[in-house]
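Colleague: everything below, folded, please.
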Amino acid sequence: MTGQVQGKVALVTGGASGIGEAVSELLAREGASVAVTDVDDLKGPEVVARIKKAGHEANFWHQDVTSEERWIEVVAEVMQRYGRSRMPASAYPCRRLPRCRWRTGGGRPRSISTDSCR
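Modeller: This next block holds a predicted model:
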């Protein structure tokens, strides 16, 4: 992955533990500014502190991914902080995040339709 994410912004959901934590740390090591999001307000800031201590850029946002309203807020806050995100949610490259459409199921947002992001 060396150099592939240098200077990009990554929004990682579930970034406070497990795979999300590992992805957040890897992306930061590889040069991305990382927006770590999670519902865990204790572990999320700890992950960010470790990333920053290693000399990399990261910030934490509380986010329940089942809330479409919170998605809109988090994306706006990340864009305000870093500019356009190039790797939202699951580190998928998306060039026009505000134009992404929601795929819903049972009245809840399930994922971002990346087809509309290109």
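Colleague: quick one, longest helix in this structure?
Modeller: helix 68-82 (DSSP state H).
Colleague: that one packs against which elements?
Modeller: In terms of contacts (3 or more Cβ pairs under 8 Å, 6 or more residues apart in numbering; DSSP states H and E), helix 68-82 is packed against strand 9-13, strand 33-38, strand 58-62, strand 108-113. C-beta here means a position set from N, CA and C on the backbone, and glycine is covered the same way.
Colleague: now it: buried residues?
Modeller: If you call a residue buried by 16 or more other Cβ atoms under 10 Å, then helix 68-82 has these buried ones: Arg70, Trp71, Val74, Val75, Val78, Met79, Tyr82.
Colleague: next one: stretch 35-43
Modeller: Buried-residue list, stretch 35-43, by 16+ other Cβ under 10 Å: Ala35, Val36, Thr37, Asp38, Asp40, Lys43.
Colleague: out of those, flag the one nearest to Val65.
Modeller: Thr37 (7.7 Å; Cβ to Cβ).
Colleague: coming back round to it: now the helices and strands packed on helix 68-82 in JSON lines, with mean pLDDT and distance to Ser24?
Modeller: Shown next, in JSON lines, are these (pLDDT from 0 to 100; distance: least, Cβ to Cβ, whole Å):
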{"stretch": "strand 9-13", "mean pLDDT": "92", "distance to Ser24": "5"}
{"stretch": "strand 33-38", "mean pLDDT": "95", "distance to Ser24": "5"}
{"stretch": "strand 58-62", "mean pLDDT": "97", "distance to Ser24": "7"}
{"stretch": "strand 108-113", "mean pLDDT": "45", "distance to Ser24": "18"}
